[in-house]
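> Sequence and predicted structure below; questions after.
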Amino acid sequence: MGTIYLKEMQRLPTSGARAVERFVLEGQTYLAIPQLAKDLPHTEPTINGGNSDTEVLLYRRTAETYIEQQRLPSPGGEDAEFFSLGERHFLAIASIRSGQGPYQFAVDSVIYEWQGNRFEEFQRVPTVAAKQWRHFAIGDRHFLALAQGVVAEGVKNVASQIYEWNGTRFEPFQEIPSQWAYNWHFFTVERQMFLAHADHLQSSVLYRWNGSRFEPFQPLVETQGRAFTTFEVDGATYLVCARLQSDSPVFRWNGRAFGEHQLLAGPGAREFALIQDDRHLYVLRVNFILGTPANPQTALNSQIYRWQDGALSAVDAFPTFGGTDLCTWREGEKQFVAVSNSLSAERHFRTDTLIYRFLA
């Protein structure tokens, strides 16, 4: 279908792309795209198959296009998180699995450090089905939260883990119970610091910083949690939770906790991103799949919502193919959106990541 808000600018050749991370480093703009798998020749395509001995693709912007600069070995790439500690710059990659089947879920996830013109391996972290890193700071303390875990035959599950920078490397700080964790979101409301933890099989929980560690504050959804985003509008704070197999709730802070404010209709949601200026607030939603992993429908429409009359209203849609992530950024007067797609309509991993200009 057509879209009135997005103008396609470039297609990047990716395979099983699971995230897209945009960052600026030494005056250059980059996109990091982790890849879950590549298609195996002479093999029936399936969402749970493929060759997961893959790389993270690092693209650098030159003039009006992005060109590939580096490939970082990172099997079964699920997420990329860029952050800086003073003058040092890092890219943390979450790896969910390795191999070509049967797959190994106990696989190291690698933190890379920028060395002037390329990223080099800095630290390996033992993980199990890792799906996301998220960096945040509390005062002068730096944390790196890892969402991980899977319930599968022959796999010893582990909790999600928050790591803290000790001056030379990241070390374990606090475990967060998980079964099949996907995502984190750190934010502040009324001088209170919160960390939302999304889990597919158990309750997604909002944690609050008590001055020394995170403690459970409020359950959000019972199951199917995928991701969160927050926004402030009209003097209130809202928290949105993506759910894969149900409507996605929008919560509103009432001064004591988050209460349900609205439901964004339809299953399939995997990620959200914001575009906000002095006039409008938009929430972009990317949808992953409908159906089952054995018989997935991947060619879906993802949505663009606009805040109006005290709620989010769908104003446009755009095509995605096993959509997994999106990020937004502004360059001067121009607003851009990058969307990662992971599985074609024919269930092939080889599917482009798209860069759009946002036209509103």
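Structure's in. What do you need?

> which neighbours does the helix or strand where residue 110 lies have in its sheet, and in what orientation?
For residue 110, the enclosing helix or strand under DSSP states H and E is strand 106-114. Here strand 106-114 is paired, per DSSP bridges, with strand 88-95 (antiparallel), strand 119-128 (antiparallel).

> Residue 264: how many residues sit nearby?
Close neighbours of residue 264, defined as other C-beta atoms under 10 Å, add up to 21. For glycine as for every other residue, the C-beta is placed from the backbone atoms N, C-alpha and C.

> how about the nearest residue to it, chain neighbours excluded?
Using C-beta to C-beta, 6 or more residues apart in numbering and skipping the chain neighbours, the partner closest in space to residue 264 is residue 248 (4.3 Å).

> Give me the pLDDT for the one you found.
Listed pLDDT for residue 248 reads 98.

> The one 5 residues further on too?
In this prediction, residue 253 carries a pLDDT score of 98.

> What lies in contact with the helix or strand harbouring residue 22?
Secondary structure assignment for residue 22, by DSSP H and E: strand 21-25. For strand 21-25, contacts defined as C-beta atoms under 8 Å, 6 or more residues apart in numbering pick out 29-33, 79-82, 89, 91, 114, 327, 329, 338.

> pLDDT on it, on average?
98.

> Could you do stretch 42-50 as well?
Stretch 42-50 comes out at a mean pLDDT of 89.

> try stretch 125-140
98.

> in it, what's buried?
125, 127-136 (16 or more other C-beta atoms under 10 Å).

> cool, and stretch 217-235?
Buried, per 16+ other C-beta under 10 Å, within stretch 217-235: 217-218, 220-221, 223-231.

> Stretch 104-112 now?
For stretch 104-112, using 16+ other C-beta under 10 Å, the buried residues are 105, 107-112.

> I'd like to know which of those residues is nearest to residue 197.
residue 109 (17.3 Å; C-beta to C-beta).

> Just grab the bridge partners of that closest one for me.
residue 125.

> so who does the closest residue to residue 300 other than its chain neighbours touch?
The shortest distance from residue 300 to any non-neighbouring residue, by C-beta to C-beta, 6+ apart, is to residue 287 (4.5 Å). Contacts for residue 287 (C-beta under 8 Å, 6+ apart) come out as 266, 268-270, 300-303, 320, 323.

> coming back round to it: from the buried residues of stretch 217-235, which two are the most distant?
223 and 231 (24.4 Å).

> just to revisit the earlier point, among the buried residues of stretch 125-140, which are located in strands?
125, 127-128, 132-136 (DSSP state E).

> Farthest-apart pair in those, please.
Comparing every pair within those by C-beta to C-beta identifies 128 and 136 as the most remote, at 22.3 Å.

> would JSON lines of the buried residues of stretch 104-112 with distance to residue 15 and pLDDT be doable?
Listed next are those as JSON lines, based on distance: C-beta to C-beta, whole Å; pLDDT from 0 to 100:
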{"residue": "105", "distance to residue 15": "20", "pLDDT": "97"}
{"residue": "107", "distance to residue 15": "18", "pLDDT": "97"}
{"residue": "108", "distance to residue 15": "21", "pLDDT": "98"}
{"residue": "109", "distance to residue 15": "19", "pLDDT": "98"}
{"residue": "110", "distance to residue 15": "19", "pLDDT": "98"}
{"residue": "111", "distance to residue 15": "23", "pLDDT": "98"}
{"residue": "112", "distance to residue 15": "20", "pLDDT": "98"}
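
> Nearest to residue 210 among the ones in strands among the buried residues of stretch 125-140?
residue 136 (15.7 Å).

> By neighbour count, which bits of stretch 152-160 are buried? Give me those.
Buried residues in stretch 152-160 (16+ other C-beta under 10 Å): 155, 157-160.

> Among these, which one sits closest to residue 208?
residue 160 (16.4 Å).

> average pLDDT for stretch 175-193?
Mean predicted confidence for stretch 175-193 is 98.

> Show me what counts as buried in it.
For stretch 175-193, by 16+ other C-beta under 10 Å, it's 176, 178-187, 189, 193.

> And stretch 5-12, by the same measure?
In stretch 5-12, counting by 16+ other C-beta under 10 Å, buried: 5-6, 9, 12.

> Report the rounded mean pLDDT for it.
For stretch 5-12, mean pLDDT rounds to 98.

> quick one: contacts of it?
With C-beta under 8 Å, 6+ apart as the test, stretch 5-12 has contacts from 31, 33, 57, 59, 64-66, 282, 304, 315-316, 318, 336-337, 352-360.

> ditto for stretch 350-357
By C-beta under 8 Å, 6+ apart, the list of residues contacting stretch 350-357 reads 6-17, 20, 33, 38-39, 66, 318, 321-322, 334-344.

> Would you mind listing which of those residues are buried?
Judged by 16+ other C-beta under 10 Å, buried ones among the contacts of stretch 350-357: 6, 9, 12, 14-17, 20, 33, 38-39, 66, 318, 321-322, 335-344.

> Tell me the spacing between the residue lying closest to residue 173 once chain neighbours are set aside and residue 239.
Nearest residue to residue 173 in three dimensions, chain neighbours excluded: residue 164, at 4.0 Å (C-beta to C-beta, 6+ apart). The gap separating residue 164 from residue 239 is 25 Å, by C-beta to C-beta, to the nearest Å.

> out of these two, which sits in the busier spot?
Comparing residue 164 with residue 239 by other C-beta under 10 Å, the one with more neighbours is residue 239, at 23 against 14.

> want to throw the strands paired with strand 106-114 into a markdown table with distance to residue 74?
Below are those laid out as a markdown table (distance: least, C-beta to C-beta, whole Å):
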| stretch | distance to residue 74 |
| --- | --- |
| strand 88-95 | 4 |
| strand 119-128 | 10 |
